[in-house]
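# Below: sequence and its predicted model.
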Amino acid sequence: MSLIISVFVNFFKILRLFNPNLLKSKPIGNFFEEIEPYEKGFENHYKKYLRDKVVKFEKERLRALKIARRNAFICIPIMLLIPFGIPYLILIWVESFGDGSLDFLFFGIFIVYALLIWFITNSMTLYQESIKTEIFPNILNFFGDFQYNHETQKSAGSFEYSGLIPHFTRETSEDHILGNYKGVSIDLFETELEKRVKTKDSSYYKTVFKGILITLSMNKRFKGKTVVRKDSGIIGNWFKKKFSSLKNVKLEDPNFEKMFEVYSEDQVESRYLLTVTFMERLKELAETFGGKSIQCCFYNKELFMMIPIKKDMFEPGSIFEPEDFIDDSKNLLKELNLIFNIIDQLKLNMKINL
Amino acid sequence: MEIFIGIIFLIIILFYFLYARIIRNKNSVLEALSGIDVQLKNRSNLIPNVLTIAKKFMKHEKELLENVTKLRTKESQSYDQNDPSSIKDHISAATALGSELGKVMISVEAYPELKSNETMIQAQLTYNETEAKIAAARRFYNSAVSQLNNSIEIFPGSILAKYANAQIMPFYEADEASRQPISAEKFL
């Protein structure tokens, strides 16, 4: 399914390649307007670390579009001719393999289209990746000692201990960010987990989680494991209680109990971590992210959180707009601010036992 | 006849489950009480260090420090975990000690030399952690007591409680002083 969506998204990108004004040079902004509170001070940072790269990357952008347009002129005629050849292909295929395996022929044609689209858009993809590897670290260092890697060695499987990771067959992870905010260390990456689902005749991949996995250092000392998972309803909760090695913890806040189920190795320690105030903050945080889907686990001096987010985070701006890094910066600052808000909302930087 | 026997059998099973639930809830309360006592012990172990340092500097707080010592002795006395009035006395002693120790920690602020003493700083940090854990242990205890009291008070729990040797238990409540509104004028 994600392959099909990717093909459609790239198809619209290819259409834009035929815009006659595509390769005309446009005025590039060179002033970062600080609108949001979290953008304060970024204009100086932009002047120091990013502005001198604008000219080079604008040339790279136009070069990537030129290559993509050239490849489009080669591949589009092939793509238009293939449908005319399909009846002949079907005849030859049926004579050779019988009509029971036509699915393979159509799948093969789809793969050919996907490869042609890949060939057209490859230069654009490589350019976007260069923004991530060369420019994102220079945006992120505005917040201090932050590191960014487009790829990640980490895997969702390393968080199996939490009991929160759903069963998955395929994982796509990227955008690994490490840093420190107000004394709280942050380690996060974006991931999409898919599970293979078999039907009668075929199989497909279904997304079981898409969002960010984030580990934050805790401001309290604790020894055991406490898991806060989303409420699964009466039957779901009953099964989890029966088959969990952890004890179910019933807390005082009825609204919190409706949204979450808590399991822990230690009843007292779980209440030490989940104070009345912390429960309020966690509820507010869940509302920020659209309801009940946040889950977290306190373990090994850290707070691990699974935050489902449908859109792709940490992506560069459109390749079809002049490159001045202003859109890239604004998007990245906004998304990082969302992460910092988690720390601020939960007050993980404060040692007040509340 | 079979139906009648079946109904009797179901009633026996139901009564057994209710009886087992009362036993489980009683054990939860005992577990929670032990949890509180562990944290109270940690706090109690802090007191000699705090008093030793405090006595050197807080010459005008002699009465307060002596109160803390007396209440510590009272709180450390053993009590019957199956007797609600014994538990209530134990809770009162622990709450009173907590209140007096809190006053000592606030009074430290008035003595700059004491406030900056490394050992006292460490003791205050440990005290804050311990108080937070006592609060957590209290919440667990109150939750367990609520479940036990519900299972006893709702019929036929009141009949089965006798056989399970279970009684209504007291909650861990804030003392009267903590419930009073705080006036900033007292401190300014």
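All right, it came through fine. Numbers count the residues shown, from 1 in each chain, chains lettered A, B, ... in the order given.
# alpha carbons only for contacts and neighbour counts from here, please
Will do.
# Tell me where the chain has helices.
By default, I'm working from chain A. A:2-16, A:42-49, A:54-97, A:102-130, A:136-140, A:233-243, A:254-259, A:267-273, A:276-288, A:326-346 (DSSP state H).
# The intended chain is chain B.
B:2-57, B:62-76, B:84-108, B:112-115, B:118-153, B:157-163, B:176-179.
# and the ones you listed, which is most packed in?
Ranked by mean neighbour count under mean count of other Cα atoms under 10 Å in any protein chain shown, those are led by helix B:118-153, which reaches a mean of 20.
# ok, it near chain A or not?
Yes - interface with chain A: helix B:118-153 contributes B:128, B:129, B:132, B:133, B:135, B:136, B:137, B:139, B:140, B:143 (Cα under 8 Å from any Cα of the partner chain).
# out of the helices of chain A, nearest to chain B?
With Cα to the nearest Cα as the measure, helix A:267-273 is the member of these nearest chain B (4.9 Å).
# any idea how far that closest one is from the chain center?
A distance of 32 Å separates the centroid of the chain from that of helix A:267-273, by Cα atoms, centre = their mean, to the nearest Å.
# and that helix, C-alpha only, in PDB?
Extracted C-alpha coordinates of helix A:267-273, given in PDB (Å, rounded to 0.1, in the frame of the first residue of the first chain):
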ATOM      1  CA  GLN A 267       2.600  -0.600  43.300                       C
ATOM      2  CA  VAL A 268       4.400   2.100  45.400                       C
ATOM      3  CA  GLU A 269       7.000   3.000  42.800                       C
ATOM      4  CA  SER A 270       4.300   3.400  40.100                       C
ATOM      5  CA  ARG A 271       2.500   5.900  42.300                       C
ATOM      6  CA  TYR A 272       5.800   7.600  43.000                       C
ATOM      7  CA  LEU A 273       6.200   8.100  39.300                       C
END
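# What residues does the closest residue in space to residue A:141 that isn't next to it in sequence make contact with?
Nearest non-adjacent residue to residue A:141, counting by Cα to Cα, 6 or more residues apart in numbering or on different chains: residue A:147, 7.6 Å away. Taking Cα atoms under 8 Å, 6 or more residues apart in numbering or on different chains, we find residue A:147 in contact with A:137, A:140, A:141, A:177, A:178, A:179.
# What parts of chain B come near chain A?
Contacts of chain B with chain A, taken as Cα under 8 Å from any Cα, map to B:35, B:128, B:129, B:132, B:133, B:135, B:136, B:137, B:139, B:140, B:143.
# any idea how far the second one is from residue A:212?
Meaning residue B:128. 34 Å (Cα to Cα, to the nearest Å).
# How about the first one?
For residue B:35, the distance to residue A:212 under the criterion Cα to Cα works out to 36 Å.
# Could you tell me which ranges of the stretch 51-200 of chain A sit under the pLDDT cut-off?
Along the stretch 51-200 of chain A, the model assigns pLDDT under 70 to residues A:98-100.
# Pick out the residue of it closest to chain B.
For the stretch 51-200 of chain A, Cα to the nearest Cα, closest residue to chain B: residue A:183, 18.5 Å.
# ok, now which ones touch that residue?
Counting by Cα under 8 Å, 6+ apart, residue A:183 touches residue A:349.
# What residue in chain A is the furthest from its centre?
Checked against the mean C-alpha position of chain A, the extreme residue using Cα atoms, centre = their mean is residue A:95, at a distance of 46.2 Å.
# any idea how far residue A:311 is from residue B:63?
Residue B:63 is 65 Å from residue A:311, by Cα to Cα.
# do residue A:134 as well
Taking Cα to Cα, one finds residue A:134 at 23 Å from residue A:311.
# what's the burial count for residue B:117?
As a burial measure, residue B:117 scores 12 neighbours (other Cα atoms under 10 Å in any protein chain shown).
# Now do the phi/psi pair for it.
Backbone torsions of residue B:117, given as degrees, to the nearest 10, read phi -70, psi 130.
# okay, the helices of chain B in JSON lines with distance to residue A:120 next?
Shown next, in JSON lines, are the helices of chain B (distance: least, Cα to Cα, whole Å):
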{"stretch": "helix B:2-57", "distance to residue A:120": "66"}
{"stretch": "helix B:62-76", "distance to residue A:120": "79"}
{"stretch": "helix B:84-108", "distance to residue A:120": "71"}
{"stretch": "helix B:112-115", "distance to residue A:120": "70"}
{"stretch": "helix B:118-153", "distance to residue A:120": "61"}
{"stretch": "helix B:157-163", "distance to residue A:120": "75"}
{"stretch": "helix B:176-179", "distance to residue A:120": "72"}
